[in-house]
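**Q** Give me a 3D structure for the following:
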Amino acid sequence: MPGAVRFFRETLPLHRTTSGATYEIDTWTYAHPEASRRVYLQGGLHGIELTGIPVLHEFMREIEARQLPLHCICVPQSNPMGLDSQIMGQQVGYNNLHTNQQNCWNWNRLGLLRDEPSQEGRWIRTLLDLSEAAEVVLDLHTAGGENTPHVYVHVSQVEQAQGLGFPHVLVWAAHSTSFSDTCQARGQVALTFELSASRSVTRTDIDRGLHALRCFFGMLPKTEGSRIWDLRTQLKKWYAPKPGILCWHVAAGEEVREGQPIATLYTRDGAEPLGAPCSGVLLLKNPTHAPHEHQELAKFLSSTRS
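**A** Numbers count the residues shown, from 1 in each chain. Down below sits the predicted model:
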């Protein structure tokens, strides 16, 4: 297409490893001359969360094909350190397994990192700077070993999150230090998509992410059916009462009743049925099937508030 606007890539160095290899991130910029808004799209903030990376690469092609009137900065693979953190071929790194910064846990909690002169501080400042001029920030994540797709959004921006094909919208009001929360506090529309389970990618997962983006940007009509939940009072974590081997009897996304048998835990003493801790929806299962005592097993959306 003669004269068509294309994405162009810029590679930004982050830091060097002991051997002298350099970690880098690629930023892709699309600047339509009739752009009506500025957007920032990001994937892979956690190294084990893979689905957003192919979703954004495919969506960039759609933006070009339709010549959408946007100014867009896209960072599909925003955390190369976490992505490289593997043990025996298994993705293990939420963040940077090499330095163990912030106990190698969660780089989506920026308040402890962005002002540090560390590898992680320099990295997160790079992402915050790239996203600062955008009016809209969409951060693509995944969650758990099995989940039902959902989106996190500030209470003031709920309308932006509805109609994107997600069964559940989780609404928060109290500020944290997550990436989206940091952007929302700067006055930006900021949504966190939880597209699928972590550590795997399927064609269905990619198509779901593309559908959400198409709806958000007006390429498809918005849909009905998202249920709204209060993050503070309705999201419930569930922990193993004893150590053992866990066998689930229900799938993520299913409605459950409090006390309903939903799993069996095989302990040293034998099989023990486990009942649902509340009535509502099983939002996600954590990937462990051999939990320690008091290890988190799952998250539920409770039909009653606490």
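**Q** For the one helix or strand in the chain whose mean pLDDT sits lowest, which strands pair with it and how are they oriented?
**A** Across the helices and strands of the chain, mean pLDDT, DSSP states H and E gives its lowest value to strand 90-91, namely a mean of 74. Strand 90-91 has the following strand partners under DSSP bridges: strand 86-87 (antiparallel).
**Q** What separation is there between the residue located most distally from the centre of the chain and Pro243?
**A** Going by CA atoms, centre = their mean, the residue of the chain most distant from its centre is Asp269, 38.1 Å out. Distance of Asp269 to Pro243, computed by CB to CB, to the nearest Å: 11 Å. Bear in mind the C-beta positions are built from the backbone N, C-alpha and C, glycine included.
**Q** what bits of the protein have low per-residue confidence?
**A** Residues of the chain that meet the criterion pLDDT under 70 lie in 1-2, 93-113.
**Q** hmm, try it at 90
**A** 1-3, 15-18, 46-48, 81-124, 144, 174-179, 181, 223-225, 306 (pLDDT under 90).
**Q** Show me the domain layout of this structure.
**A** Following the assignment in automatic domain parsing, the chain carries domains at 8-225, 233-302.
**Q** ranking the ones you listed by burial, who's on top?
**A** domain 8-225 (a mean of 18; mean count of other CB atoms under 10 Å).
**Q** what's the helix or strand for Ala263?
**A** strand 261-267 (DSSP states H and E).
**Q** Quick check: can you name the pairing partners of that strand and their directions?
**A** With DSSP bridges as the test, strand 261-267 pairs up with strand 245-248 (antiparallel), strand 270-275 (antiparallel).
**Q** and for whichever helix or strand comes after the longest one, what are the contacting residues?
**A** Reading on from strand 270-275 to the C-terminus, the next helix or strand found by DSSP H and E is strand 280-285. Residues lying outside strand 280-285 but in contact with it, judged by CB atoms under 8 Å, 6 or more residues apart in numbering, are 143-148, 150, 168, 197, 227, 234-236, 248, 250-256, 262, 276, 297-304.
**Q** And what about Gly82, helix, strand or coil?
**A** helix (DSSP: H, G, I helix; E, B strand; the rest coil).
**Q** mind checking the SS state of the closest residue to it other than its chain neighbours?
**A** Nearest residue to Gly82, sequence neighbours excluded (CB to CB, 6 or more residues apart in numbering): Gly47, at 2.3 Å. Three-state call for Gly47 (three-state DSSP): coil.
**Q** Thanks a lot, catch you later.
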